[in-house]
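Chemist: let's see this in three dimensions:
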Amino acid sequence: MRRNRLAAPALFTVLLLAACSGGSTGDTASDDTIGVEVVFDANVADDGADTTPDTAPDLSDVALAESEADAEAVPDDARTDGADGADAAPADTGSPDTEAVQPSDVVEPQDSAEPQDAEPSDPGAPESTDVAGDPSTDTDPGPVGDNVLAEGSFEAWADGLPVGWVGEATNLSTDAIAEEAGVAHDGVRSCRLTNTADGHKRFSTAPLALQAGKYACRYWVRGQGEIRNARYDGDYSSYSGYTAVAGDVWQPVDYAFNVAADTAAFELIFSVRLTAEAGLLLDHVRCVHAPEACDTVTCEAWQVCQGPDGACVTAPGKCADAGDCAPWQACGEDHVCALASGACASTADCSGETPVCDLDSHLCVPGDPCADVTCKEWQVCEPSDATCVTAPGRCVTLADCDQALPVCDLASHTCVAVDAPVNIVPNGGFEDWSTVVLGTATEVLLPDHWYGICDGCSPYYPTTEIDANHVKPYTTAPHTGATALQLIEPSTPADRFTSEPFTVTPGKTYACSYRVRGHGTYRQRGYCGAWNPDTDYQAIDSDTWQQVTFTLGGNASWCVLILYASNTVADRDHVQFDDVVCIAP
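Modeler: Predicted coordinates:
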């Protein structure tokens, strides 16, 4: 069939272009734009008469424009050239006349991990405290010992921000964090924090490693506002109470907390609100690890130190002797409880004439290991360990299916062909090809539902880049059917080969796979209104089809798949792909 992609765009394409450009369907497009917009799905017979277009997802609720999350991320792994053929950044082919429409199914993330004004969550931790001293009479030097903060006095700044600060927990805008030179409690600089609103904002240290134990902190503030503290190590602690600050005299605030276990990424949080326009000054932040008896104690590898006396005791999961183990276990040389000689913990420990483990005596006895095992219809009992496993010819993942039936139908747990309805990727077996005109009089043969193009869309949308003449049907040795896909890319960088959008359920993660063979490097990636995680290039030099599995999903109602090939070599017919499959969980 001959498909002229310059004529009569299908409704799907009009919606897509409108979403990309933010313009109305009444806008007049250039000839070049029309030539590209029809690429997604416009089937026109040789005489120019419209034929029925293939079903396409409804993109009216999704704009192919840059989402807020996309704007902050580097698109398509920055497209940096590399030895493996990393692809180069797409050119911005032009901005739409009007502002891009915000996708309706992309929701702005919320700060759901906000710490609460509640009791601290650390197990066994003392209640955190903050105590404001009397600046006119306070002569206490504060906690004694080495400061665990390397830059507690704000003497070092880079790019307008204090070195050693502005960690992951910080949500105070950077323009509200300022260097104050000449006004300091320690050194010659302090940090000015400004948040005049009654809702608090967080300012935190950069992540630092802390050992378990108790810590005492003291810091100094002046100006006007309210300040309090919390901690963050992937989870937030509760807050301490606010300290009100008013005046130009430095005022100390004390804060104590407990770290339940060693951590590599601890952040100390300063929460501020109701500051004056001139802000609140913070300086001379010192946190000291309280000395403990265990600091100078060295225990055996299977022990831990605990208690005020620094006693070495058996660590969890370890044993000192058989008394720490079950009656049917022995304490090994590695101080771990293991099966005693002749004992069993499950049928997997038994074999031969006594293949069953009697769990009352923990001894192997005669019997049928599968006698009391009930499996599902698509499973069989494995006698070696009395567990249910996938029966021959049935499946539970795509890896269970191969050759002529590469798709797992999870409803029946049977392997089915690539064109089965459970595979949401149209023409995933590359069996259907059509003659296409791409913006010129030159005709090329391309696989149906692939070679997706969207000029005028956001530069973050992964439009196809590879030369259409480098996309070939491969019939020499397909994985299934009569035809596979061949990509010819002897040089770098790799260019995208993109599917047309296909319908998915927002928020659902799909299990996917494809087969690849040949000589070169390859990878894949997904785009569902936003980029899926990046994947590394893999080298291949084989005539054997290899299965690659991955996942696909996002918050949009459509997705596209992108295949990449680079450094391809003719000795194995470059790189070939076949049987692209995605199934719902």
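Chemist: right, and Ala338 touches Gly332 too?
Modeler: Yes - when contacts are counted by Cβ atoms under 8 Å, Ala338 is listed as touching Gly332 (4.9 Å). Quick note: C-beta positions are derived from backbone N, CA and C, even for glycine.
Chemist: in the helix or strand hosting Val516, which residues are buried?
Modeler: Counting by DSSP states H and E, the element that carries Val516 is strand 509-527. Buried residues in strand 509-527, counted by 16 or more other Cβ atoms under 10 Å: 510-527.
Chemist: so Val288 belongs to a helix, correct?
Modeler: No - counting by DSSP: H, G, I helix; E, B strand; the rest coil, Val288 is not found in a helix; it is strand.
Chemist: who's it bridged to?
Modeler: Taking DSSP bridges, one obtains Asn147, Ala216 as the residues bridged to Val288.
Chemist: does it really touch Gly152, like I thought?
Modeler: No - here Val288 does not reach Gly152: they are 10.7 Å apart, not a contact under Cβ under 8 Å.
Chemist: the two: which has the busier surroundings?
Modeler: Gly152 (24 against 18; other Cβ atoms under 10 Å).
Chemist: pLDDT value on the more buried one, please?
Modeler: For Gly152, the model assigns a pLDDT of 97.
Chemist: list the contacts for it?
Modeler: Shown in contact with Gly152 (Cβ atoms under 8 Å, 6 or more residues apart in numbering): 164, 219, 284-287.
Chemist: the closest residue to Ser384 other than its chain neighbours: what secondary structure?
Modeler: Spatial nearest neighbour of Ser384, excluding adjacent residues (Cβ to Cβ, 6 or more residues apart in numbering): Ala348 at 6.6 Å. Of the three states, Ala348 takes helix according to three-state DSSP.
Chemist: distance check, Ala348 against Asp262.
Modeler: Separation of Ala348 from Asp262 (Cβ to Cβ, to the nearest Å): 35 Å.
Chemist: those two: who's more crowded?
Modeler: Taking other Cβ under 10 Å, Ala348 and Asp262 do not tie; Ala348 has more neighbours (15 against 11).
Chemist: what stretches of the stretch 151-300 of the chain score poorly on pLDDT?
Modeler: Along the stretch 151-300 of the chain, no part satisfies pLDDT under 70.
Chemist: rerun at 90
Modeler: The stretch 151-300 of the chain contains residues with pLDDT under 90 at 211-213, 260-262, 290-296.
Chemist: can you report phi and psi for Asp324?
Modeler: When read as degrees, to the nearest 10, the backbone of Asp324 gives phi -90, psi 0.
Chemist: quick one: it and Cys337 touch, right?
Modeler: Yes - here Asp324 reaches Cys337: they are 6.9 Å apart, a contact under Cβ under 8 Å.
Chemist: common neighbours of the two, please.
Modeler: Cys331.
Chemist: helices or strands up against the host helix or strand of His284?
Modeler: Using DSSP H and E, His284 falls within strand 280-289. Under the contact definition 3 or more Cβ pairs under 8 Å, 6 or more residues apart in numbering; DSSP states H and E, strand 280-289 sits against strand 189-193, strand 213-232, strand 263-273.
Chemist: beyond it, next helix or strand please.
Modeler: Sequence order places strand 303-306 as the next helix or strand after strand 280-289, per DSSP H and E.
Chemist: mean confidence for the helix or strand just after that following strand?
Modeler: On the C-terminal side of strand 303-306, the closest following helix or strand by DSSP H and E is strand 311-314. Regarding strand 311-314, the rounded mean pLDDT is 96.
Chemist: for strand 311-314, the distance to its chain's centre please.
Modeler: Relative to the mean C-alpha coordinate of its chain, strand 311-314 is positioned 40 Å out (Cα atoms, centre = their mean, to the nearest Å).
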